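Q: structure here, sequence nowhere to be found:
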């Protein structure tokens with residue numbers, strides 16, 4: 001699951017970079033909110049999910065993780081599309097689409113949070129080893 005999230009995140013990265021460059025070149029920043037959501041929900045959040053699931057395979061291999069992956073990868077583009085249509089047309093006709101996409105994303109984030117609390121217990125020391133600085137001598141051997 002970690003690999004799938006990192007691959008999905010890597011798709012959003014060039015999209016957000018290209019969107020930002022185009023907005024800057026044409027001096028039209030109406031889609032700045034879409035750009036920000038592509039960055040945070042597409043690139044940053046998915047990369048975060050991917051790294052966490054890489055380091056915690058017991059959480060990654062759960063049904064919650066698979067459902068959350070579907071929710072996030074359906075909800076984000078639906079929400080972004082709804083917001084983009086609203087901004088471009090100036091109409092609220094796409095507001096229900098943006099709301100539905102947003103609710104699906106929130107549901108996925110709740111599943112993610114639940115998954116972490118369910119599968120990452122007190123015996124999980126991987127992240128503690130990674131973030132402890134300066135590295136403790138007994139933890140250096142874990143980075144082979």
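A: The structure has been received and is ready for your questions. Predicted, not measured: the structure shown is a model, and the values here were computed from it.
Q: residue contacts, residue 28?
A: Listed by CB atoms under 8 Å, 6 or more residues apart in numbering, the contact set of residue 28 is empty. From N, CA and C alone the C-beta is placed, and that goes for glycine too.
Q: what residues sit buried inside the helix or strand where residue 35 lies?
A: Assigned by DSSP states H and E, residue 35 belongs to helix 32-37. By neighbour count on 16 or more other CB atoms under 10 Å, the buried set for helix 32-37 is 34, 35, 37.
Q: other residues contacting stretch 103-121?
A: 41, 49, 52, 56, 58-59, 62, 64-65, 67-72, 74-76, 78-79.
Q: now that stretch, how far from the chain's geometric center?
A: 12 Å (CA atoms, centre = their mean, to the nearest Å).
Q: with stretch 65-78 instead?
A: Chain-centre distance of stretch 65-78: 9 Å, with CA atoms, centre = their mean.
Q: likewise for stretch 79-93?
A: How far stretch 79-93 lies from its chain's middle: 21 Å, per CA atoms, centre = their mean.
Q: follow-up on the earlier one: just the contacts of stretch 103-121: which are in strands?
A: Among the contacts of stretch 103-121, DSSP state E puts none in strands.
Q: which of the residues you listed count as buried?
A: Buried residues within the contacts of stretch 103-121, counting neighbours by 16+ other CB under 10 Å: 41, 49, 52, 56, 59, 62, 64-65, 68-69, 71-72, 75-76, 78-79.
Q: now the two most distant members of these.
A: Put simply, by CB to CB the two of those set farthest apart are 56 and 78, 27.8 Å from each other.
Q: list the helices and strands the top helix by length along the chain packs on?
A: If you go by DSSP state H, the chain has its longest helix at helix 63-89. Packing partners of helix 63-89 (3 or more CB pairs under 8 Å, 6 or more residues apart in numbering; DSSP states H and E): helix 2-26, helix 32-37, helix 45-55, helix 95-119.
Q: now for the chain, the helix or strand with the poorest mean pLDDT.
A: Every helix and strand of the chain was ranked by mean pLDDT, DSSP states H and E. The lowest is helix 126-131, at a mean of 51.
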